[in-house]
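Novice: coordinates only, sequence not included:
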């Protein structure tokens with residue numbers, strides 16, 4: 001009987017230690033999550049769609065919303081008025097310049113520039129998910145333009161244009 005009591009005492013001691021360790025671990029985890037949540041909700045860590053996104057190529061690192069992207073869209077995107085619908089969408093969004101053309105490999109490609117991050121993102125999302133009514137987008141590839149290229153497009157172009165098919 002004494003031996004069983006000693007075993008029970010050791011078991012209870014181990015159980016209390018385990019319970020203490022689990023509670024301490026859970027408390028630490030809750031504290032870490034609280035700290036993370038607090039700091040991620042402060043303005044120091046949050047971002048806004050309309051925040052300046054580029055300083056590349058600007059003297060002294062002055063932020064600018066000027067930017068752009070090149071794109072290539074794969075899928076059923078030729079002979080379905082994809083270029084015309086893209087031009088129409090860019091004009092509806094407004095304040096976007098650029099071009100789009102068919103390629104010989106059956107894709108469409110182009111470049112977009114704007115002084116508004118939100119407008120660029122809206123057209124990029126449309127290109128990625130919507131397209132023309134009869135199109136079927138399989139994939140979309142985007143690459144940021146340099147600040148200089150985007151600025152050049154904004155200075156030289158006044159609209160979004162449908163360009164001629166790229167020939168090799």
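Specialist: Great, that's in hand. Bear in mind the structure is a predicted one, so any value in this text is a computation, not a measurement.

Novice: For this protein, which segments count as strands?
Specialist: All strands of the chain, identified by DSSP state E, fall at 67-76, 96-102, 108-114, 136-144, 160-162.

Novice: can you list the weak-confidence ranges in this protein?
Specialist: For the chain, the stretches with pLDDT under 70 are 1-64, 168.

Novice: let's see it at 90
Specialist: For the chain, applying pLDDT under 90 flags the ranges 1-64, 164-168.

Novice: Please enumerate the helices of it.
Specialist: 2-40, 82-93, 117-129, 147-156 (DSSP state H).

Novice: who wins for proximity to residue 125 among the strands of the chain?
Specialist: strand 136-144 (9.8 Å; CB to CB). Placement of C-beta: from N, CA and C, glycine included.

Novice: Starting from the closest one, tell me which strands it pairs with and how they run.
Specialist: Strand pairing for strand 136-144, using DSSP bridges, gives strand 67-76 (antiparallel).

Novice: And for the strand it pairs with, what's in contact with it?
Specialist: With contact meaning CB atoms under 8 Å, 6 or more residues apart in numbering, strand 67-76 is reached by 53-54, 82, 98, 103, 106-114, 117, 120, 124, 127, 131, 134-145, 147, 149-150, 153.

Novice: buried subset of these?
Specialist: Neighbour counting by 16 or more other CB atoms under 10 Å classes 53-54, 82, 98, 103, 107-114, 117, 120, 127, 131, 135, 137, 140, 145, 147, 149-150, 153 among the contacts of strand 67-76 as buried.

Novice: Report the buried residues of stretch 87-101.
Specialist: Here stretch 87-101 shows 87, 89, 90, 93, 96, 97, 98, 99, 100 as buried, counting by 16+ other CB under 10 Å.
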